[in-house]
Structure formats: structure tokens, C-alpha cells
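Visitor: Whatever this is, show me its structure:
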Amino acid sequence: MCKWPVAVRWALLTTVSLVLGMALRGCGLPAGFLLGPMVVAIALSVAGGAVGIPRLPFQLAQAVIGCLIARTITLPILAEIGAEWPVFVGGVFSVIAVSLIIGWLLTRWQVLPGPTAIWGVSPGAAVAMTLISSAYGADQRLVAFMQYTRVVIVASAASILAAILAPATGAGGSESWWPSSWPGLGGTLLVVAAGFAVARLLRTPAGPLLVAIVIAALAQDLLGLKLELPLPLLAASFAVVGWGIGMRFTRATLLHALRALPAVIVSILILILVCGGIAFLLVIFAGVGPLTAYLATSPGGADTVAIIASSTHVDVAYIMAMQLARFFAVMLTGPFFARLLTRWSGYEVADER
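Guide: Model prediction:
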């Protein structure tokens with residue numbers, strides 16, 4: 001396949017990515033437009049047909065995803081966090097503590113090297129954790145493998161539980177193919193450009209993603225900008241990120257990921273069970289509804305949880321507030337704990353080489 005013309009490889013990559021992405025999306029997986037292209041890119045790369053993903057589109061795609069995350073940072077959700085901060089602190093850091101212990105054990109038992117295991121089990125937005133991880137010494141490919149294996153398992157478990165405990169409302173969380181406000185779309189694209197430009201100046205890890213989150217949240221909550229992210233824009237952004245990650249896979253990396261798969265699945269199941277226990281404590285001591293508590297503590301992707309929550313009779317604001325609080329807690333504490341636990345596990349010297 002390495003002898004195929006680049007144009008043919010690009011055509012194959014885009015066509016199969018579109019088909020697989022739409023198929024996964026049709027199966028109810030919110031990250032389908034990222035997972036599909038990532039799987040296709042891995043297959044091409046391992047088969048010797050890798051193509052180069054330009055840095056500019058990859059960084060702009062990060063900024064678009066930053067706007068997607070920022071849409072959840074609304075004033076009502078921030079007020080919810082402030083009003084019940086002791087409960088949120090307990091719930092958020094309990095889940096983080098469990099994930100750190102599991103990550104440390106995976107590192108200690110040499111299932112995965114260094115900070116890769118720590119970032120791989122971090123219960124934040126999967127795409128954000130994947131993009132940030134490489135700046136702190138983790139193998140982005142294996143982090144993506146762990147994160148999206150967890151997303152698939154957790155999304156399936158949460159969907160089944162939601163179907164059992166609460167009837168669907170039919171609200172759904174699907175994106176629109178066209179923007180409801182063209183000025184809003186223009187403003188959103190300006191935010192994307194601003195996030196990209198500022199990140200280039202600051203040169204921070206995963207800069208376009210993080211800077212866009214801040215700028216978009218401020219524009220939304222203080223200036224009243226309605227962030228418009230039509231499905232084609234999101235799909236293209238997810239695809240570019242998926243390609244960027246997938247094209248870095250080699251046969252050795254893929255084999256390593258497959259060998260680690262059983263341990264990764266067991267760790268995910270343990271994390272789900274422990275989070276269920278934390279949700280039970282919220283029900284008993286904080287008076288939160290069972291399904292609301294479970295979705296709030298669920299270690300899956302925030303976008304997956306949001307879609308499940310919006311289609312059932314639960315407190316969506318409470319769920320997204322807990323997910324958002326945990327996302328920022330992981331971003332703030334992740335680098336410190338990754339370095340600390342890597343040092344404790346005895347992998348620091350190996351990683352630095």
C-alpha cells in the first residue's frame with residue numbers, strides 16, 4: 001500500500017472514514033465521527049499506507065472541539081456547582097482518586113508504561129485527555145486506545161441502565177446539519193481562529209483546545225454568543241483529530257495495545273463499579289436520584305453522558321455540572337499526579353530515556 005499514490009490513499013481514507021463514522025454514529029455512539037476515522041487511519045498506517053496530517057487543520061480541529069466543550073460551561077451549571085460545592089468536591093475527587101489508583105496499578109504491573117496509564121484512565125473528556133496527554137510524556141496512541149475503549153463500554157452500560165431506570169423523552173442530543181444562526185456560526189469561527197492564534201503565541205500543551213475553551217466560554221456566558229457547531233463542522237474536526245492520532249500507530253504499538261486489552265477492560269469494569277458505589281452514596285446522603293447520580297459520576301465521555309441524559313427523565317444540569325467539574329479537576333491535577341505516580345511506580349527513568 002505504500003506504493004499507492006497519495007491521492008488514492010487520501011480518497012480511501014476519507015471515503016471509508018465517512019462510511020464508518022456515519023455507521024458508528026447511527027449506532028448511537030456520539031464519538032463515532034472520531035472513532036471511525038481513527039480506526040481507518042490505524043489500518044492504513046499499519047498497512048504501510050500512512051499519509052501526513054497537516055499541523056494547521058489538526059490544531060484548528062482542536063479549537064473547534066474546545067468550543068464544543070465550552071457549550072457545557074453555562075451560567076446555570078456554574079451556579080449548580082457553586083451551590084452544592086461540598087458534594088461536587090467529594091464526588092469529583094472520589095472518581096479521580098479511584099482512576100489514579102487504577103492507573104498506578106497498571107503502571108506498577110507494567111501493563112502500560114509511565115504516565116500513559118494515568119492519562120488513559122483519566123475520567124475527563126476523552127478527546128481532551130488524549131490531546132493533552134502527549135505534552136506530559138504519555139503515548140498518545142495508547143491513551144486514545146484506553147480512552148475510547150472506556151467510552152464504548154461506559155456508554156453501553158449507561159445506555160442500558162438508562163433504558164431500565166427511566167423512559168426516553170425523545171429529546172435526543174443530535175447535532176443539526178445547519179446552523180440555526182449564521183451570525184452565531186460566524187462568531188464561533190472567530191472564536192476558533194482566536195483560540196488558534198492565541199495558542200500559537202502561548203505555545204501551551206494542547207493550546208488550541210484549552211485556549212478555545214476559555215475564549216468560547218467567556219464569549220458565551222459574558223457576551224451572549226450562541227456557539228454554533230453544525231454537524232459537518234464537528235464531523236470534519238473529529239475526523240482530522242482521529243486521523244492525526246491513528247496515523248501515529250505502528251504494528252508494534254497496535255500489538256502492545258491488543259496485549260493490554262484484557263487488563264484495560266478489567267480496569268474499566270472496576271472503575272464503573274466503583275463509580276456506581278459513589279453514585280449510591282450520593283443517593284443515600286445527598287438525596288440525588290439514582291440515574292442522575294449514576295450519570296453524574298459515570299467515567300464515560302461528557303458528550304456521551306449529555307446525550308443519554310437529554311433523552312431521559314434526569315437532572316441534566318446536575319449531571320453536566322458534575323462532569324464539567326471533574327473535567328477541569330483532571331486538567332488541573334492530571335500533570336502533577338501523572339508525574340508523581342510515575343515516579344512512585346519506578347518508571348520515571350525509563351520514560352526519560
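
Visitor: Would you mind measuring from Leu222 to Ser181?
Guide: Distance of Leu222 to Ser181, computed by C-beta to C-beta, to the nearest Å: 18 Å. Yep, even glycine has a C-beta here, placed from its N, CA and C like the rest.

Visitor: who has more neighbours, these two?
Guide: Set Leu222 next to Ser181 and count neighbours by other C-beta atoms under 10 Å: Ser181 wins out with 13 against 9.

Visitor: So that one sits against Glu228, correct?
Guide: Yes. At 5.8 Å, Ser181 and Glu228 qualify as touching, with contact defined as C-beta atoms under 8 Å.

Visitor: How many residues are close by Leu223?
Guide: For Leu223, using other C-beta under 10 Å, the count is 8.

Visitor: and it, what does it touch?
Guide: For Leu223, the contact set (C-beta atoms under 8 Å, 6 or more residues apart in numbering) is empty.

Visitor: Listing request: residues of the chain with sub-threshold pLDDT.
Guide: 1-2, 28-31, 114, 159, 163, 166-175, 204-206, 301-304, 306-312, 345-353 (pLDDT under 70).

Visitor: Now do the SS call for Ile69.
Guide: Classification of Ile69 by DSSP: H, G, I helix; E, B strand; the rest coil places it in helix.

Visitor: Same check on Ser180?
Guide: Following three-state DSSP, Ser180 is assigned to coil.

Visitor: For it, what are phi and psi?
Guide: Backbone torsions of Ser180, given as degrees, to the nearest 10, read phi -80, psi -20.

Visitor: Give me the number of neighbouring residues for the residue lying closest to it once chain neighbours are set aside.
Guide: Distances taken as C-beta to C-beta, 6 or more residues apart in numbering put Glu228 closest to Ser180, at 6.9 Å, once the chain neighbours are dropped. For Glu228, the neighbour count with other C-beta under 10 Å is 21.

Visitor: Now Glu228: phi and psi?
Guide: On the backbone of Glu228 - angles per degrees, to the nearest 10 - the values are phi -100, psi 120.

Visitor: my read: it touches Val191, true?
Guide: No. With contact defined as C-beta under 8 Å, Glu228 does not count as touching Val191 (10.3 Å).
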